[in-house]
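[1] Sequence and predicted model, in that order:
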Amino acid sequence: GEVFDLAEADLVDDDDATGGGHAADHEDEQDEPLMSATSRESMRDNLATLALLAEPGAQPQIVRSGETSLEGMAREMLRPMLADWLDKNLPPMVEELVRQESAQPVADVRAPAETPDEEQWIKITVASGDTLSGLLQSRGVSAAQVHRLVTGDERLAELATIRPGDSLNISVDEAGELTSLRYSPSRVETVEATLEDGNWRVENVVREYQRRTRFAEATIDNSLFLAGHAAGMSDNLTMQLANIFGWDIDFVLDIRNGDRFRVLYEELYLDGEKVGEGEIIAAEFWNQGRHLTAYRYQTRDGDVSYFDSDGNSMRKEFIRTPVAFSRISSRFSTGRKHPILNKVRAHNGIDYAAPSGTPIKAAGKGKVIFAGVKGGYGNVLILKHGQRYSTLYAHMRGFAKGIRVGSRVNQSQTIGYVGASGLATGPHLHYEFRIDGVHRNPQTVPLPKASGIASSEKPQFRLQSSRLAAQMTMFAEAATLASSNVF
């Protein structure tokens, strides 16, 4: 069913909705600007939806397994308030809509005459085997003009890689010179180029997505991804969820049956059609008795990240696991029998078994202080992170491009690839974590957090996170009611 999004802009004060409580005042304001057709259509839709929400007997609606629409929630939880509000405000709102409709000038139904500029636009659709040069030259544009076009701006250079099915519009003057061009690299972006005094002026026009908030929840009884599918989440959203909590939860080792999660996320629409998914805006995770929360927030500096309810960053200075692995082949131990040397010695790290060539990520932001061969460790990389921390990566097949002593790396940047160099029985990563030169267990060592919300921003963050928490609770309660068969 159709989902009704309650935006703040739709909630008006009584005075605003009724002209200060005097519907007759409209008669003295004949010079008020009239609404656009789009605004009137939106007003009609909102009035119809509000009336539907207040209608007795309407049923809440589950969009898909584990997901509740805002319409279903609003019908049951907001109907009493809406009914009272509509009794007071609906008549003057309808009166205003009627006034707007009756005051609109009669549209001219005759087809508009084409202007000379419109007649100059030529639409070109790219077919298999077509090139930009061939398409333009076949329409009278010289090779020199094509070259000047693709070298005039980096955004126009992308035209050289057009693919079958792409389309563009061009305008050519009477002398056969290309004067303007328009194409859309994506559904939300249009590039418009105009030739002015021999140079191309390029403008990007970006459409805004319509965003709708969705809710999903699930209990894990097999794997995180299967639970996500059961809740109607895509793999991309499930990966977002894992990345948000990945600094606190090892999603290979820590997940247990009975763990559960809730998420609020955005769906993206264009012209009423769903075209993708946006970001998770709030999430909760219950893992082995722990309750973790995360809220997406953009700081005044423009940085976007996830924070817990106290404003602490969900991100740590280090990721817990620097490689996607299938199993731990050897754990941190003060006394382990070496599989090749057949001697008992300390194993000061974790061995993660993974296919050869699996990318290895930097556990944190730092500097390369060693990159080379180190005895039985084979190919080794050592990163220094500030004054106290260092990490070591061994048995690598090789290093990533550009990785050398002195290189600076960012957290999660690929630094090399899993291998079996040195004394190794199979492909795996040997990973060590040191504080002040002392080896610590990478699985259990407390990881320092990244910086959180600045004190000056915490009031605004608390307001936003409280709203998201309340919205999460309302969705969850509506989902519980809908699944309890009480209606």
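    Everything's here; your move. From a predicted model like this one, the values you see are computed outputs, not experimental measurements.
[2] just the helices in the stretch 201-350 of the chain please.
    Ranges of helices within the stretch 201-350 of the chain are 224-230, 235-245, based on DSSP state H, counting those that start in this stretch.
[3] for the stretch 51-200 of the chain, that is, sorry about that
    70-103, 116-120, 132-137, 143-150, 154-157.
[4] re the thing from before, how about a markdown table for the helices of the stretch 201-350 of the chain, with mean pLDDT, distance to residue 282 and mean neighbour count added?
    In short, each C-beta sits where N, CA and C put it, glycine included. Conversion of the helices of the stretch 201-350 of the chain to a markdown table gives the following (pLDDT from 0 to 100; distance: least, CB to CB, whole Å; neighbours: other CB atoms under 10 Å):
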| stretch | mean pLDDT | distance to residue 282 | mean neighbour count |
| --- | --- | --- | --- |
| helix 224-230 | 93 | 16 | 19 |
| helix 235-245 | 92 | 10 | 18 |
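[5] To residue 377, which of those lies closest?
    helix 235-245 (29.6 Å; CB to CB).
[6] Okay, now the unreliable bits of the stretch 251-400 of the chain?
    For the stretch 251-400 of the chain, the stretches flagged by pLDDT under 70 are 326, 334-345.
[7] no, scratch that, I was asking about the stretch 1-150 of the chain
    In the stretch 1-150 of the chain (pLDDT under 70), the answer is 1-91, 93-119.
[8] how about stretch 358-367: buried residues?
    Neighbour-count burial for stretch 358-367 flags 358-366 (criterion: 16 or more other CB atoms under 10 Å).
[9] Sort out which of those are in strands and list them.
    359-361, 366 (DSSP state E).
[10] Serialize those to CSV and add fields for distance to residue 321.
    Output for those, formatted as CSV (distance: CB to CB, whole Å):
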residue, distance to residue 321
359, 13
360, 11
361, 9
366, 17
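[11] For residue 183, list each beta-bridge partner.
    residue 168, residue 191 (DSSP bridges).
[12] burial count for residue 470?
    10 (other CB atoms under 10 Å).
[13] So it belongs to a helix, correct?
    Yes. Assessed with DSSP: H, G, I helix; E, B strand; the rest coil, residue 470 lies in a helix.
[14] Let me see the ranges of the strands in the stretch 201-350 of the chain.
    Using DSSP state E, counting those that start in this stretch, the strands found in the stretch 201-350 of the chain span residues 210-219, 260-270, 273-287, 290-298, 304-307, 327-330, 333-337, 344-347, 350-353.
[15] and of those strands, who's closest to residue 142?
    Per CB to CB, nearest to residue 142 of those: strand 260-270, 37.1 Å.
[16] Leaving out the residues flanking it, which one is nearest to residue 370?
    Sequence neighbours aside, residue 382 is the residue nearest to residue 370 in space, at 4.0 Å (criterion: CB to CB, 6 or more residues apart in numbering).
[17] ok, the one you found touching residue 366?
    No. Counting by CB atoms under 8 Å, residue 382 stays clear of residue 366, with 9.4 Å between them.
[18] where do the contact lists of these two overlap?
    390-391 (CB atoms under 8 Å, 6 or more residues apart in numbering).
[19] separation between the residue nearest in space to the middle of the chain and residue 312?
    The centre of the chain sits closest to residue 279, judged by CA atoms, centre = their mean, with a distance of 3.0 Å. Distance from residue 279 to residue 312, counting by CB to CB, to the nearest Å: 20 Å.
[20] for residue 431, same thing?
    26 Å.
[21] And for residue 269?
    The value you get for residue 269 to residue 312, if CB to CB is used, is 33 Å.
[22] Over to residue 422?
    40 Å.
[23] Who has more neighbours out of those two?
    residue 422 (18 against 13).
[24] Now that one. Nearest residue, chain neighbours left out?
    residue 378 (2.6 Å).
[25] what residues are up against that neighbour?
    Residue 378 neighbours (CB under 8 Å, 6+ apart): 394-396, 419-424.
[26] just residue 422 next, same as before
    Applying CB under 8 Å, 6+ apart, the residues near residue 422 are 373-379, 394-395.
[27] Buried among those? Need that as a selection in ChimeraX.
    Buried residues within the contacts of residue 422, by 16+ other CB under 10 Å, are selected in ChimeraX with:
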select :377,378,379,394,395
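[28] quick one: which of the contacts of residue 422 is nearest to residue 184?
    residue 379 (46.2 Å).
[29] still on that earlier bit, export the contacts of residue 378 to CSV and tack on distance to residue 478?
    Converted to CSV, the contacts of residue 378 look like this (distance: CB to CB, whole Å):
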residue, distance to residue 478
394, 52
395, 52
396, 51
419, 52
420, 53
421, 56
422, 57
423, 59
424, 54
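[30] Quickly name whichever of those residues is closest to residue 303.
    So of the contacts of residue 378, ranked by how close each gets to residue 303 (CB to CB), first place is residue 396, at 32.3 Å.
[31] Against residue 427, how distant is the closest one?
    10 Å.
[32] Of those two, which one has the most company?
    Neighbours per residue (other CB under 10 Å) separate residue 396 from residue 427, with residue 396 holding more: 25 against 20.
[33] which element is that one on?
    strand 389-399 (DSSP states H and E).
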